[in-house]
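J.: can't give you the sequence, but here's the structure:
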């Protein structure tokens, strides 16, 4: 019985050592990740603001283009091909529709 208790305690001690090693590795990784995030967070924020600004600019441009197209269609109804012909000519995806 005493031998089983000693074996059990030895096994627990080995597992505790492994858990401590794993904890040390994870702590080091967390510190490294925190350092890397601190380095890139400024760039990430700046790029996110830039993308938001670019999206606003593109939305404005597409709004103006839609208005120009509507005016052209009002003046020249045959200026743009109908939907069946348009799909054969233009295979690009519509970027304005959410996917």
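T.: Received, thanks. For clarity, every value in this text was computed on a predicted model and none was experimentally measured. Residues are numbered from 1 along each chain as shown.

J.: so where do the helices sit in this structure?
T.: Along the chain, the stretches classed as helices by DSSP state H are 2-75, 83-89.

J.: average pLDDT across the last one?
T.: By that I understand helix 83-89. On average, the pLDDT along helix 83-89 is 56.

J.: Also stretch 22-34?
T.: 95.

J.: still on that earlier bit, quick one: closest of the helices of the chain to residue 95.
T.: helix 2-75 (8.9 Å; CB to CB). For glycine as for every other residue, the C-beta is placed from the backbone atoms N, C-alpha and C.

J.: most packed of the helices of the chain?
T.: helix 2-75 (a mean of 10; mean count of other CB atoms under 10 Å).

J.: pLDDT below threshold where in the chain?
T.: 81-94, 96-99 (pLDDT under 70).

J.: Report the separation between the most centrally placed residue in it and residue 54.
T.: Nearest to the mean C-alpha position of the chain, counting by CA atoms, centre = their mean, stands residue 48 at 10.8 Å. Using CB to CB, to the nearest Å, residue 48 is found at 11 Å from residue 54.

J.: now do residue 4
T.: For residue 4, the distance to residue 54 - CB to CB - is 69 Å.

J.: Residue 30 too?
T.: 34 Å.

J.: I'd like the distance from residue 16 to residue 3, if you could.
T.: For residue 16, the distance to residue 3 - CB to CB - is 20 Å.

J.: repeat for residue 20
T.: Residue 20 is 26 Å from residue 3, by CB to CB.

J.: now swap in residue 56 and tell me
T.: For residue 56 relative to residue 3 (CB to CB), the value is 75 Å.

J.: returning to that earlier point: any chance of the helices of the chain in a markdown table, with distance to residue 95 too?
T.: Shown next, in a markdown table, are the helices of the chain (distance: least, CB to CB, whole Å):
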| stretch | distance to residue 95 |
| --- | --- |
| helix 2-75 | 9 |
| helix 83-89 | 16 |
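
J.: returning to that earlier point: how much space separates the residue nearest to the centre of the chain from residue 30?
T.: In terms of CB to CB, residue 48 sits 24 Å off from residue 30.

J.: Likewise for residue 15?
T.: Taking CB to CB, one finds residue 15 at 22 Å from residue 30.
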